[in-house]
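*Asks:* Next one to model:
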Amino acid sequence: MILAAAAGEGAVQDVFAQPAASPVPDGAQVDKVAGGFQFTEGPYWDAASGTLLFSDIPANTIYQWLPSADSTSVYRRPSGRSNGIVAGREDGALLLAQHGRRRVSRVGPDGRETALATHYDGRRLNSPNDVAVRSGGTVYFTDPPYGVEESARELDVEGVYRLAPGARENGGEPTLITDQFERPNGIVLSPDEQHLYVNDTRQQLIRAYDVASDGSVSGGEVFARLEDEGAEGGPDGMTVDQQGRVYSTGPGGLWIFAPGGERLDRIDVPAQSTNVTFGGAQNRTLFVTTPRAVYRVRVNATGAR
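*Replies:* Numbering: from 1, shown residues only. Have a look, this model is predicted:
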């Protein structure tokens, strides 16, 4: 079932000026793409190959789904128990948030893996979860402790970090943006890259930060709350569309917010939603991961990236 927010006739097209109607069409179907996994996460649409990549964390594998053949195959194994996957700012490169290796890594077109962020303040990161990349190469990532035993933790903080371009090559470490989260999880930039959204699974909310021209951030006000005591799941992965709407997994499925934080809709998903991305031939399909399967739903919106 899709719970759509009502909108009056004549709503303006520019949702930055005023929230528009839900981008979910009437009668939209949530279809299973692939199943039989252990715990899927980090979907990423590779436009060049027209395939969907996604992580299966316990399986230590990144899978690849090919729509034309409706088939799934191993893309990378071992994956370092990767979670979030995004495109790097170099041709053909991917950035992985790796639970198992406790780092953010770059994977080049040749498959070679290079560590980008491994420590903060001389101590090993907990378990990088999700990652976003800004034009110019600034990397942002979340670091909750989901993938590390408590006895192995070196950092008490569950931080959100910024890694400046070239920092790793120059022997630098990431900068801590904030430690105000209890379980920082999904992270994504607005289409104009002037805002950074981070959600907190335990606090059931999304915070928004202002991004300066040098990539530094400020603010952190609550953008939206995702609370439904009767529904399974919590805030996890996020994505945005070209109009600045924010899509976040949450209790009961996928929540959609206007750029001002107003809730527009919630798409019910058959299982607990873990992450989401845009993809497909026109970048107008939402791919949603759940523990055991991946689903898709067509919407009246185009993904920002």
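*Asks:* need the helices for the stretch 51-200 of the chain, in chain order.
*Replies:* For the stretch 51-200 of the chain, applying DSSP state H, counting those that start in this stretch gives no helices.
*Asks:* in it, which ranges drop under the pLDDT threshold?
*Replies:* Counting by pLDDT under 70, the stretch 51-200 of the chain contains low-confidence ranges at 168-171.
*Asks:* how does it look with 90?
*Replies:* Where the stretch 51-200 of the chain drops to pLDDT under 90, the residues are 88-92, 136, 147, 165-172.
*Asks:* what does the stretch 201-305 of the chain give?
*Replies:* In the stretch 201-305 of the chain (pLDDT under 90), the answer is 229-230, 281, 305.
*Asks:* Quick check: buried residues in the longest strand anywhere in the chain?
*Replies:* Longest strand of the chain, by residue count under DSSP state E: strand 217-225. Of all the residues in strand 217-225, those buried under the rule 16 or more other CB atoms under 10 Å are 217, 220, 223-224. C-beta: built from backbone N, CA, C; applies to glycine.
*Asks:* What pairs with that strand, parallel or antiparallel?
*Replies:* strand 205-211 (antiparallel) (DSSP bridges).
*Asks:* contact partners of the strand it pairs with?
*Replies:* 134, 177, 180-181, 189, 193-200, 217-226, 235, 238, 246, 248, 257, 261 (CB atoms under 8 Å, 6 or more residues apart in numbering).
*Asks:* In PDB, could you pull the C-alpha coordinates for it?
*Replies:* In PDB, the C-alpha atoms belonging to strand 205-211 read as follows (Å, rounded to 0.1, in the frame of the first residue of the first chain):
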ATOM      1  CA  LEU A 205      15.600  11.700  12.500                       C
ATOM      2  CA  ILE A 206      17.400  13.400   9.700                       C
ATOM      3  CA  ARG A 207      19.700  16.400  10.300                       C
ATOM      4  CA  ALA A 208      20.600  19.000   7.700                       C
ATOM      5  CA  TYR A 209      24.000  20.800   7.500                       C
ATOM      6  CA  ASP A 210      25.000  23.800   5.300                       C
ATOM      7  CA  VAL A 211      28.000  23.100   3.100                       C
END
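*Asks:* chain center to that strand: distance?
*Replies:* 14 Å (CA atoms, centre = their mean, to the nearest Å).
*Asks:* Y120 pairs with what?
*Replies:* In beta-bridge terms (that is, DSSP bridges), Y120 pairs with R123.
*Asks:* Distance-wise, check the residue nearest to P291 when sequence neighbours are not counted relative to T61.
*Replies:* Using CB to CB, 6 or more residues apart in numbering and skipping residues adjacent in sequence, the residue nearest P291 is F39, 4.8 Å away. Here the criterion is CB to CB, to the nearest Å. By it, F39 lies 11 Å from T61.
*Asks:* Settle it for me: which of these two has more neighbours?
*Replies:* Remark: of F39 and T61, T61 carries more neighbours, 20 against 15, as counted by other CB atoms under 10 Å.
*Asks:* burial measure for the closest residue to that one other than its chain neighbours, as a count.
*Replies:* Once flanking residues are discounted, T61 sits nearest to R77: 4.5 Å by CB to CB, 6+ apart. Counted with other CB under 10 Å, residues neighbouring R77 total 11.
*Asks:* and if you look at P291?
*Replies:* Quick note: P291 (other CB under 10 Å) scores 16 neighbours.
*Asks:* that older thread, please state the offset of the longest strand of the chain from the chain centre?
*Replies:* With CA atoms, centre = their mean, you get 17 Å for strand 217-225.
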